[in-house]
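Q: Whatever this is, show me its structure:
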Amino acid sequence: MASSSIERALRIEPNNPLLWLEMSKLRQAENNYAQAESMARKALSKATGDAKVQAAAWRAIADSLKVRARNQEARDAEARADSLLPR
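A: Now for the predicted structure:
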């Protein structure tokens, strides 16, 4: 199962922000939006210096907030993502 593979990878590389983002996507797919946000925030904390990963984490946070009708926070998260990457 995908979840157990990612969890195993996280035990090996707990500081890998891409693995935390994958866990966030998995939790979103399971409709566990609070956990998805938490995993995305963990990815954000591990992605120092990597604007692309930081932007992806902010977008994942925004997605999890939107679903829970936390629209202003979602817009703020999207703005943070947009500020990290030039269009």
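Q: Against P14, how distant is A77?
A: Separation of A77 from P14 (CB to CB, to the nearest Å) stands at 24 Å. The way it works is simple: take the backbone N, C-alpha and C, and place the C-beta from them, glycine included.
Q: now W20
A: Taking CB to CB as the criterion, W20 is separated from P14 by 9 Å.
Q: between A77 and P14, who's got more neighbours?
A: A77 (24 against 11; other CB atoms under 10 Å).
Q: tell me the secondary structure for the closest residue to S24 other than its chain neighbours?
A: Leaving aside its sequence neighbours, S24 sits nearest to M39 (CB to CB, 6 or more residues apart in numbering; 3.8 Å). Assigned with DSSP: H, G, I helix; E, B strand; the rest coil, M39 falls in the helix class.
Q: Touching, M39 and Q28? I think so.
A: No. Counting by CB atoms under 8 Å, M39 sits too far from Q28 to count as a contact (9.0 Å).
Q: more crowded one of the two?
A: Using other CB under 10 Å as the criterion, M39 and Q28 rank with M39 on top: 27 against 19.
Q: Tell me where this protein has helices.
A: Ranges of helices in the chain, per DSSP state H, are 2-12, 17-29, 33-46, 51-67, 71-84.
Q: TSV for the ones you listed, including mean pLDDT?
A: TSV is the format used below for the helices of the chain (pLDDT from 0 to 100):
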stretch	mean pLDDT
helix 2-12	91
helix 17-29	97
helix 33-46	97
helix 51-67	97
helix 71-84	96
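Q: Distance check, R75 against L26.
A: Note on R75: its distance to L26, by CB to CB, is 25 Å.
Q: residue contacts, the residue nearest to S24?
A: W20, L21, M23, S24, R27, A60 (CB atoms under 8 Å, 6 or more residues apart in numbering).
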